[in-house]
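Visitor: fold the following, please.
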Amino acid sequence: MKAEYINPFLESAKIVIEQVAQVRPATGTLGVKDVKFVENYIWIQIGLNGQLNGDIVLGLSEEVAIKMVSAMMGGFAISEMDEMGKSAISELGNMISGNASTMLFNQGVRVDITPPKVLHSAQSAGFETKKALTIPLIMDGIGELDIQVLIAS
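Guide: Purely as a prediction, here's the structure:
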């Protein structure tokens, strides 16, 4: 697992979040941790195929997801993750992964990305616990979004 694989996703997430939520995220500490899928969390899973194979998983608590969707909708407050909210979170994942794949391409890394899957429960994720390279993005007034890279080395 190489740290440089996370950089395009980190940079892309910062750019996209700043554009859609008008918040400049701060970068937390890079680390390796067990990815455990817990309830009351929203997971955006993006598959990678090609020179890199694996998944990028963006994780955020349901509370943070609601705040993020509200910010994406220009401050229109939502109170629950309905279909519109899930669609907005999926689009966030789409924009982040699309930008990141362009960055990887520009670095000479050829990958195809799958459309993001929004998973709203630990059981639907279908992942067993595994180690991932993880970095949190801290968004003022919103909360944290974890970027987790699970790449088969």
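Visitor: distance-wise, check V69 relative to K117.
Guide: V69 is 17 Å from K117, where distance means Cβ to Cβ, to the nearest Å. In short, each C-beta sits where N, CA and C put it, glycine included.
Visitor: cool, M72 as well?
Guide: According to Cβ to Cβ, M72 stands 19 Å off from K117.
Visitor: neighbour count winner among those two?
Guide: A direct count of neighbours by other Cβ atoms under 10 Å for M72 and K117 places M72 higher, at 20 against 17.
Visitor: residues in contact with the more buried one?
Guide: Each residue near M72 by Cβ atoms under 8 Å, 6 or more residues apart in numbering is listed here: V20, A21, A88, L92.
Visitor: low-confidence ranges, the chain, go.
Guide: 1-3, 36-37, 121-129, 152-153 (pLDDT under 70).
Visitor: residue ranges of the strands in it, please?
Guide: Ranges of strands within the chain are 26-27, 31-35, 41-50, 54-61, 111-113, 117-119, 130-139, 143-151, based on DSSP state E.
Visitor: quick check: buried residues in the fifth one?
Guide: Using 16 or more other Cβ atoms under 10 Å as the burial criterion, the residues of strand 111-113 that qualify are V111, I113.
Visitor: mind listing what it pairs with, with the direction of each?
Guide: Partners of strand 111-113 in the sheet, by DSSP bridges, are strand 41-50 (antiparallel).
Visitor: how far off strand 31-35 does the strand it pairs with point, in degrees?
Guide: 110 degrees (axes from the mean of the first three to the mean of the last three Cα atoms, to 10 degrees).
Visitor: using PDB, list the CA coordinates for strand 41-50.
Guide: The C-alpha coordinates for strand 41-50 follow below in PDB (Å, rounded to 0.1, in the frame of the first residue of the first chain):
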ATOM      1  CA  TYR A  41     -22.600   6.000   9.000                       C
ATOM      2  CA  ILE A  42     -22.800   6.600   5.300                       C
ATOM      3  CA  TRP A  43     -20.200   4.900   3.100                       C
ATOM      4  CA  ILE A  44     -19.400   5.800  -0.500                       C
ATOM      5  CA  GLN A  45     -17.500   3.000  -2.100                       C
ATOM      6  CA  ILE A  46     -15.600   3.600  -5.300                       C
ATOM      7  CA  GLY A  47     -14.000   0.600  -7.100                       C
ATOM      8  CA  LEU A  48     -10.700   0.900  -8.900                       C
ATOM      9  CA  ASN A  49      -9.600  -1.400 -11.700                       C
ATOM     10  CA  GLY A  50      -6.500  -1.300 -13.900                       C
END
